[in-house]
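K.L.:
Let's see this in three dimensions:
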Amino acid sequence: MSEARFTGTERYVATPDLMMAVNAAVTLARPLLIKGEPGTGKTQLAEEIARSLERPLYEWHIKSTSKAQHGLYEYDAVSRLRDSQLGDAKVHDIRNYIVKGRLWEAFESAVQPVLLIDEIDKADIEFPNDLLRELDRMEFYIHETRELVRARHRPIILITSNNEKELPDAFLRRCVFHFIDFPEPELMKRIVGVHHPAIDEQIVEQAIGAFYEVRGIPRVRKRPSTSELIDWIAVLASAGVAADRIRTELPFTGVLLKKEQDQQVVTEARSGRARRW
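P.N.:
From the prediction side, this is the model:
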């Protein structure tokens, strides 16, 4: 059982429930599955856990083409064939063509590492199930060399999902789960303060108010995220926009809204509710 305890950092505002989930996963030695809207700090959480606990971080960012095998190792048969045609002596040792994956690298860490498996729901539905044995037993077999690789230390595993597809029940049973709720305005103000401590409070308050009004417009398809609010406030301050102009004019909407249709929807909503803006 690990003595590691995560209490947040000066760069990451973690709620008590989130800290409890992280520490429960560490205590139980189970992966922590984090879900939430894009931009709620899921990926950054792994970075801050590693930083807070002074552990190395290994990041495995999942793509639609990712396979579970990629995280273990890959056998580069093409390079071996090419080298054999060139008469290279290293072809006689197949280990020269075994490429380590991020899971293997984490298994070799001299101290307990943090392993991030980012956006697992981007991969095929079978991807999580294909990792069950390795995540349970902390070992895997290399068929080409007939070797068993075991983890020196069980990693603290953080798995993120944007809820794009359902994950298998067998996989979920092995995880500690936490959903990061979208921050309420008061918590959002604290988050913004971490990133922009020197920006005028009136600008921050007006920007946050406008931000939540935009998110509340029903027909907005891609609602702005926390990271977009942080960028927007930086642009507003840099451009010297007066606080009283922010909610009436909504300048630099392209920083908040990334779809043309959403910008049009917001413009129409503001026109129809001019007194509120």
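
K.L.:
Okay, now the unreliable bits of this structure?
P.N.:
For the chain, residues meeting the criterion pLDDT under 70 lie at 1-3, 272-277.

K.L.:
could you pull out the strands for it?
P.N.:
32-36, 57-61, 73-75, 98-100, 114-118, 139-142, 147-150, 156-161, 176-180 (DSSP state E).

K.L.:
Turn these into JSON lines, columns for mean neighbour count.
P.N.:
The C-beta positions use only the backbone N, C-alpha and C, and glycine is treated the same way. Below are the strands of the chain laid out as JSON lines (neighbours: other C-beta atoms under 10 Å):
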{"stretch": "strand 32-36", "mean neighbour count": "22"}
{"stretch": "strand 57-61", "mean neighbour count": "18"}
{"stretch": "strand 73-75", "mean neighbour count": "17"}
{"stretch": "strand 98-100", "mean neighbour count": "14"}
{"stretch": "strand 114-118", "mean neighbour count": "25"}
{"stretch": "strand 139-142", "mean neighbour count": "16"}
{"stretch": "strand 147-150", "mean neighbour count": "12"}
{"stretch": "strand 156-161", "mean neighbour count": "26"}
{"stretch": "strand 176-180", "mean neighbour count": "18"}
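
K.L.:
possible to save those strands as a markdown table with distance to T226?
P.N.:
Listed next are the strands of the chain as a markdown table, based on distance: least, C-beta to C-beta, whole Å:
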| stretch | distance to T226 |
| --- | --- |
| strand 32-36 | 10 |
| strand 57-61 | 20 |
| strand 73-75 | 36 |
| strand 98-100 | 34 |
| strand 114-118 | 17 |
| strand 139-142 | 36 |
| strand 147-150 | 38 |
| strand 156-161 | 15 |
| strand 176-180 | 10 |
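
K.L.:
what's the closest of those to V214?
P.N.:
For the strands of the chain, the distance to V214 is smallest for strand 32-36, at 19.1 Å, taking C-beta to C-beta.

K.L.:
what residues does that closest one touch?
P.N.:
Contacts to strand 32-36, defined as C-beta atoms under 8 Å, 6 or more residues apart in numbering, come from residues 21-22, 25, 42, 45, 156-163, 167, 172, 175-182.

K.L.:
Equivalent analysis for stretch 179-191, please.
P.N.:
For stretch 179-191, contacts defined as C-beta under 8 Å, 6+ apart pick out 13, 15, 18, 34-37, 40-42, 204-205, 208-209, 211-212, 226, 229-230.

K.L.:
residues contacting the residue nearest to S225 when sequence neighbours are not counted?
P.N.:
Nearest residue to S225 in three dimensions, chain neighbours excluded: G39, at 2.4 Å (C-beta to C-beta, 6 or more residues apart in numbering). Contacts here follow C-beta under 8 Å, 6+ apart; on that basis G39 touches S225, T226, S227, E228.

K.L.:
where along the chain do the helices fall?
P.N.:
For the chain, the helices defined by DSSP state H occupy 16-28, 42-53, 68-72, 77-85, 102-107, 127-130, 132-137, 169-172, 185-195, 201-215, 226-239, 243-249, 253-256, 260-272.

K.L.:
Point out the most buried one among the ones you listed.
P.N.:
Highest mean neighbour count among the helices of the chain (mean count of other C-beta atoms under 10 Å): helix 102-107, with a mean of 22.
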